[in-house]
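Undergrad: Quick check, what structure comes out for this input:
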Amino acid sequence: FASFRMSKQVVFHIGGWSTCGFYNKAYNVLASLSLLFPSKLKVVDHKYASRDEYRTWLIGGSAGSGFRDTFNVAKANKQTSSPFAWIEDTDGNKFVGGCDDTLDWCKSFCTPSTETVGEQAVHVNDGHKADHGYDYDLIVIGGGSGGLAASKEAAKFGAKVAVLDFVKPSPAGSTWGLGGTCVNVGCIPKKLMHNAALIGEILSSDTEPFGFKTPEALEKGHSWPAMREAVQNHIRGLNFNYRVTLREKNVTYLNKLGKFMDAHTLEVTDKKGKVSTITASRFIVATGGRPTALNCEGAELAISSDDIFSLEENPGKTLCVGASYIALECAGFLAGIGVDTEVAVRSILLRGFDREIADKIGSHMEDHGVKFRKGVVPSKLAKTPDGKIEVTFSDGTSGIYDTVFAAIGRSADTQKLGVENISLKVNAKNGKIPTKYEQTSVPNVYAIGDVMDGCPELTPVAIQAGRQLARRLFNGSTAPMDYKNICTTVFTPIEFGTVGYNEDDAKEKFGCGNVEVYHSNFTPLEWSLSEHRKHTAFAKVIVSKEDDAVLGIHYLGPHAGEVTQGFGVAMKKGVTYTDLLDTVGIHPTSAEVLTDLTITKSSGESADAKGC
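TA: Numbering: from 1, shown residues only. Below you'll find the predicted structure:
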């Protein structure tokens, strides 16, 4: 069954009335296939007691407008017989038909295939012509990682391209250069400061066991100004290189804020307030997101990830509000360089990530000096006479801090984009833009990266999506962006790399009885000599019992990003558990544990590794 072995689970709906022979015939075939292949096919039954009840649901009552009218397909709109079948899809339900159509679909589902026909991304005609007469073939709004990648890729195919990038200051007044969030106030400074904390841990935990006397640098303590200067100098170098590269690739860089006036015209404002207009045949919105502010009295006293990496001085005693990876990563490196750090957590840590590993991260951080206030949110922030910030929490308790750092989420940066002027559909809850194959409700306007609704908020995702979109727009490609099985790493004090399903989601999707979990607690060799390192690393692989496919790989330990990246390629290629066991590991490394996981969670045996 090569044609569907590695595809996602199909959710097949069928409606009819209970005594209809055609409905029962089609349903019974579907139910049998679902029983044989539960991870590949889920059947949702819409059975009615009588023909009249079924027809009321399908066709509607005296006022008309039944379920069939929700489909934009003439055949569906005319169907009156039983059964009525369709397939659930994120891009809209797909009409199948009646009994014969359902049986034909079942036959194709079971037909062996010698080749795999990949999904094709076909856009709605956006009206682009070679002689369009506008200033540019393409204007990219946003000079972050995704926008820069898309602009350079489009220019490579001969398109006349401009990039708009204008940084609106944060509420605390922070600004930065070309390159977007990741380079200036995200991944790059975060990883560098995380590395500072790791260096501190090595100095405090590992120097003496490995034969070095405690170095003088540790005795003097950490210098925030020295770290900040080095990090910011590195970022300024990247900003300059981006501008040079755009010029080399024949992309026009405009340090201006853009606002749609119509589907082909932008009003642009420079830093001096001068207003002008520019036009293009196509647009890519790549404005990303900005931190969500606290919703309480005195919220303006808090800073965000837009500010923390460029603070002139050590932030002092810091309250981090939030339990996302941004909050925990920043709390982790602050504590690691000696800052008195607390985290206010409303509910759980790292929502959406593997729950078992999130709990292990919390335990590790607590043992490494991070204090948690659980089940609370700030209800008020107020300045004290000596310039500190008093925070009152929802449970009535309070605390005094030098800095309050808010990391409760991010919202799409679309408020000043002028979407209302072109009737561009936007998700009212988060400001993000819904798309199909990155194409928005306005055909010549596209969106990539964090501003796109449903897109993983990761820099490499925006880069890849931008490049592939440019190839479709200007080089005839039909290859879609694949948003499945994307690796990511959380750079908490103990790093967490992950790809694929977490344990809870896998069991919910495929059924607890169809999933096996292999796991191991182990001590990385480089940690083994230090009595200060009390925690172990951890790995788990989630496997389908039906076909041995690996559904998820999770690694908690040193160099998690480097470990997980390689296994991400294997996940893309459909790696099985047997493939992992057949792979010869590199010894002695932490990554090799993923090729030697044999203890199942269901066995109840200890997951603690024995020997090297």
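
Undergrad: check contacts around Phe333.
TA: By Cβ atoms under 8 Å, 6 or more residues apart in numbering, the contact set of Phe333 is Lys190, Met193, His194, Ala196, Ala197, Pro493. C-beta coordinates here come from the backbone N, C-alpha and C atoms, glycine included.

Undergrad: Outside of stretch 48-59 itself, list whatever touches it.
TA: 15-18, 20, 46, 66-68, 79-80, 82, 84.

Undergrad: what do you get if the cut-off is 10 Å, keeping everything else the same?
TA: 15-20, 23, 46-47, 61-62, 65-69, 76-77, 79-84 (Cβ atoms under 10 Å, 6 or more residues apart in numbering).

Undergrad: can you give me the helices for the stretch 401-550 of the chain?
TA: Applying DSSP state H, counting those that start in this stretch to the stretch 401-550 of the chain gives helices spanning 459-474, 503-510.

Undergrad: out of these, which comes closest to Arg533?
TA: Distance to Arg533, taken as Cβ to Cβ, is lowest for helix 503-510 among those, at 25.9 Å.

Undergrad: ok so, going back, for the helices of the stretch 401-550 of the chain, could you give me JSON lines that also reports mean neighbour count and distance to Thr564?
TA: JSON lines is the format used below for the helices of the stretch 401-550 of the chain (neighbours: other Cβ atoms under 10 Å; distance: least, Cβ to Cβ, whole Å):
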{"stretch": "helix 459-474", "mean neighbour count": "23", "distance to Thr564": "12"}
{"stretch": "helix 503-510", "mean neighbour count": "17", "distance to Thr564": "16"}
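
Undergrad: Let me have the ones you listed in JSON lines, extended by distance to Thr595.
TA: JSON lines is the format used below for the helices of the stretch 401-550 of the chain (distance: least, Cβ to Cβ, whole Å):
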{"stretch": "helix 459-474", "distance to Thr595": "25"}
{"stretch": "helix 503-510", "distance to Thr595": "20"}
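
Undergrad: who does the closest residue to Gly66 other than its chain neighbours bridge with?
TA: Distances taken as Cβ to Cβ, 6 or more residues apart in numbering put Gly60 closest to Gly66, at 3.5 Å, once the chain neighbours are dropped. Counting by DSSP bridges, Gly60 is bridged to Ser65.

Undergrad: Tell me how many other residues surround Gly60.
TA: Neighbouring residues of Gly60 were enumerated by other Cβ atoms under 10 Å; the total is 14.

Undergrad: Next one: it from Asn28, what distance?
TA: 28 Å (Cβ to Cβ, to the nearest Å).

Undergrad: Just the ones of the contacts of stretch 48-59 in helices?
TA: Using DSSP state H, the subset of the contacts of stretch 48-59 located in helices is Tyr23, Ala76, Asn77.

Undergrad: Make JSON lines out of the residues you listed and add pLDDT.
TA: What follows is the ones in helices among the contacts of stretch 48-59, written out as JSON lines (pLDDT from 0 to 100):
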{"residue": "Tyr23", "pLDDT": "95"}
{"residue": "Ala76", "pLDDT": "85"}
{"residue": "Asn77", "pLDDT": "84"}
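
Undergrad: Highest neighbour count among the residues you listed?
TA: Tyr23 (27 neighbours).

Undergrad: so which of the ones in helices among the contacts of stretch 48-59 comes closest to Ala560?
TA: Ala76 (47.9 Å).

Undergrad: Can you name every helix or strand that the top strand by length along the chain contacts?
TA: Among the segments of the chain that qualify as a strand by DSSP state E, the longest is strand 275-285. Counting contacts by 3 or more Cβ pairs under 10 Å, 6 or more residues apart in numbering; DSSP states H and E, strand 275-285 packs against strand 136-141, helix 145-156, strand 161-164, strand 251-254, strand 256-262, strand 265-270, strand 445-447, helix 459-474.

Undergrad: In that strand, which residues are buried?
TA: Buried residues in strand 275-285, counted by 16 or more other Cβ atoms under 10 Å: Ile278, Ala280, Ser281, Arg282, Phe283, Ile284, Val285.

Undergrad: Kindly report the same for stretch 286-296.
TA: Applying 16+ other Cβ under 10 Å to stretch 286-296 flags Ala286, Thr287, Gly288, Gly289, Arg290, Pro291, Ala293, Leu294, Cys296 as buried.

Undergrad: Next up, phi/psi of the last one, please.
TA: To tie it back to what came earlier, the one meant is Cys296. phi -160, psi 170 (degrees, to the nearest 10).

Undergrad: Tell me where the stretch 101-250 of the chain has helices.
TA: Under the criterion DSSP H, counting those that start in this stretch, the stretch 101-250 of the chain carries helices at the ranges 145-156, 180-185, 187-205, 216-220, 224-248.

Undergrad: For the second one, the averaged confidence score.
TA: Summarised as a single mean, pLDDT over helix 180-185 is 96.

Undergrad: and if you look at the shortest one?
TA: Average pLDDT, helix 216-220: 73.

Undergrad: Show me what that helix is in contact with.
TA: Ile199, Gly200, Ile202, Leu203, Ser204, Thr207, Ser223.

Undergrad: Could you check the angle the strand or helix carrying Gln565 makes with helix 187-205?
TA: In this structure, Gln565 is located in helix 560-572 according to DSSP states H and E. Per axes from the mean of the first three to the mean of the last three Cα atoms, to 10 degrees, the angle that helix 560-572 makes with helix 187-205 is 120 degrees.

Undergrad: mind putting the helices and strands packed on strand 275-285 in TSV, distance to Ser603 and mean pLDDT included?
TA: Formatted as TSV, the helices and strands packed on strand 275-285 follow (distance: least, Cβ to Cβ, whole Å; pLDDT from 0 to 100):
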stretch	distance to Ser603	mean pLDDT
strand 136-141	53	98
helix 145-156	44	97
strand 161-164	55	98
strand 251-254	57	98
strand 256-262	59	98
strand 265-270	61	98
strand 445-447	47	98
helix 459-474	37	96
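
Undergrad: would JSON lines of those with distance to Gly92 be doable?
TA: Formatted as JSON lines, the helices and strands packed on strand 275-285 follow (distance: least, Cβ to Cβ, whole Å):
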{"stretch": "strand 136-141", "distance to Gly92": "27"}
{"stretch": "helix 145-156", "distance to Gly92": "26"}
{"stretch": "strand 161-164", "distance to Gly92": "32"}
{"stretch": "strand 251-254", "distance to Gly92": "35"}
{"stretch": "strand 256-262", "distance to Gly92": "26"}
{"stretch": "strand 265-270", "distance to Gly92": "31"}
{"stretch": "strand 445-447", "distance to Gly92": "18"}
{"stretch": "helix 459-474", "distance to Gly92": "21"}
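
Undergrad: closest one to Gly399 among these?
TA: helix 459-474 (33.9 Å).
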